[in-house]
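Asks: everything below, folded, please.
(one chain, ligands or ions: 2)
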Amino acid sequence: MYTTALAPIDMDAVFPQLAAFKRITTRLHPRKGSPSVDHGSVGGPLLWPTDEPWPTCDDAGLDEHPADTPMPLVPVLQLFAEDIPDLPFPEGSDVLQVLWCPFDHYPSSAPVPRLRWRRRSTIGPRLAAMPNPHPDADTRYVPDPCAIDPEQVVEYPSYDLPEEVWSQIRNTLVRVEADTGWQYDTDLAVASGIKTGGYPGWTQSPDWPICDCGIQMEHLLTIASWEFSRGDEHRWPPLENRHAMTGWNFDSPNDHPWRALQNPTGLMLGDAGGIYVFVCTSCPNRPYDHRFDCS
Ligand SMILES: [Zn+2]
Ligand SMILES: [Zn+2]
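Replies: Ligands and ions are numbered 1, 2, ... in the order given. Okay, here's the model as predicted:
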């Protein structure tokens, strides 16, 4: 079990202006491991019916995309309804799978996520082994298998907070930081790392997709490169892992234990950026879209 630190102040009492913006996110806390098809995972094997072809990408013609298609997609995420109760599973489904082709794709120079919603009880015979990634696959886009340990956390918007609310809370933010050392943006607002629900872990200005039906899509999940950005945040490194930070800094060698906590998946999306997946829950066919940004 991993635990996110509680804020050192009563957020509802100190920031009543933020109450309407409060959301629950589920941090997945990936850690290197050997998850099975029967467990939620990042980069682990997927529950896949043997009679369903493995998905491939034929987006040939791009500089870095080898032309000898089909290119097998790689598993990125598998989530079960019992682990993430507030994820908006379509009626009758209880498994969400995310895959992508491990190459840069137009126009964002990042992988393009693809979603599968399934019902576990109807899967039947299962694929015993996942296809190997293409030998030229960009290893920055192939997540190492990680077990997950979901934890629900309260968050508040940073980039998504309206300017008029910023101006209402600005003086209080300064006072809280002076009193506690905790900064709103980095410590109190949007949770870092791979997560579902809540606010996208933007590193740039928000860019919410609009569904063809005309409404703004919902944030379904964030695939982030890092579980926390620097290690000196007060909030996002789990309490159970703080001892491993001893002696850590950005110049620490790659085998320092802190690196495995900050970047358990080995993903590097641009310059430590993220891919954000959105869905429309109003449309029956559950359309989805994504955004990518980095610092
Ligand atoms: Zn591709
Ligand atoms: Zn829609």
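Asks: my guess is L239 contacts T3. True?
Replies: Yes - when contacts are counted by C-beta atoms under 8 Å, L239 is listed as touching T3 (4.7 Å). Heads up, the C-betas are built off the backbone N, CA and C, glycines and all.
Asks: which neighbours do these two have in common?
Replies: Shared contacts of L239 and T3 (C-beta atoms under 8 Å, 6 or more residues apart in numbering): none.
Asks: so how many other residues sit close to S229?
Replies: Close neighbours of S229, defined as other C-beta atoms under 10 Å, add up to 18.
Asks: so what's it closest to, chain neighbours aside?
Replies: S192 (6.3 Å; C-beta to C-beta, 6 or more residues apart in numbering).
Asks: ok, I210 next?
Replies: Leaving aside its sequence neighbours, I210 sits nearest to Q216 (C-beta to C-beta, 6+ apart; 5.7 Å).
Asks: for the one you found, give its distance to P157.
Replies: 14 Å (C-beta to C-beta, to the nearest Å).
Asks: same check, this time on P111
Replies: 26 Å.
Asks: for P150, give me phi and psi.
Replies: Backbone geometry at P150, expressed as degrees, to the nearest 10, gives phi -60, psi 140.
Asks: number of nearby residues for it?
Replies: Neighbours around P150, by other C-beta under 10 Å: 18.
Asks: re earlier: more neighbours: which of Q216 and P157?
Replies: Using other C-beta under 10 Å, the more surrounded residue of Q216 and P157 is P157, with 19 against 11.
Asks: for the more buried one, give me its contacts.
Replies: 21, 23, 189-190, 199.
Asks: and for W208?
Replies: For W208, the contacting residues are 216-217, 278, by C-beta under 8 Å, 6+ apart.
Asks: and G270, how far from T203?
Replies: 9 Å.
Asks: which element is the residue nearest to S229 on?
Replies: Taking DSSP states H and E as the definition, one finds S192 inside no helix or strand.
Asks: for it, grab phi and psi.
Replies: phi -80, psi 170.
Asks: cool, and M245?
Replies: Backbone torsions of M245, given as degrees, to the nearest 10, read phi -80, psi -10.
Asks: okay, it: pLDDT?
Replies: With respect to pLDDT, M245 scores 77.
Asks: now do D179
Replies: For D179, pLDDT reads 97.
Asks: residues in contact with it?
Replies: Contacts of D179 (C-beta under 8 Å, 6+ apart): none.
Asks: so is P253 in a helix, a strand, or just coil?
Replies: coil (DSSP: H, G, I helix; E, B strand; the rest coil).
Asks: try R140
Replies: helix.
Asks: mutual contacts of G270 and T203, please.
Replies: 293-294.
Asks: didn't P125 look like it was pressed against T50?
Replies: Yes - using C-beta under 8 Å, P125 makes contact with T50 at a distance of 4.5 Å.
Asks: what residues of the longest helix along the chain count as buried?
Replies: Longest among the helix segments of the chain by residue count, using DSSP state H, is helix 163-180. Neighbour-count burial for helix 163-180, counted by 16 or more other C-beta atoms under 10 Å, picks out 165, 169, 173, 176.
Asks: then stretch 81-91?
Replies: 83-84, 87, 89.
Asks: mind listing what V14 touches?
Replies: 172, 176.
Asks: to clarify, my last question referred to E218.
Replies: Contacts of E218 by C-beta under 8 Å, 6+ apart are 88, 278-281.
Asks: need the pLDDT of it.
Replies: pLDDT, E218: 98.
Asks: measure it to S205 for me?
Replies: 19 Å.
Asks: do V142 as well
Replies: 29 Å.
Asks: compare these two (neighbour count), which wins?
Replies: Comparing V142 with S205 by other C-beta under 10 Å, the one with more neighbours is V142, at 19 against 8.
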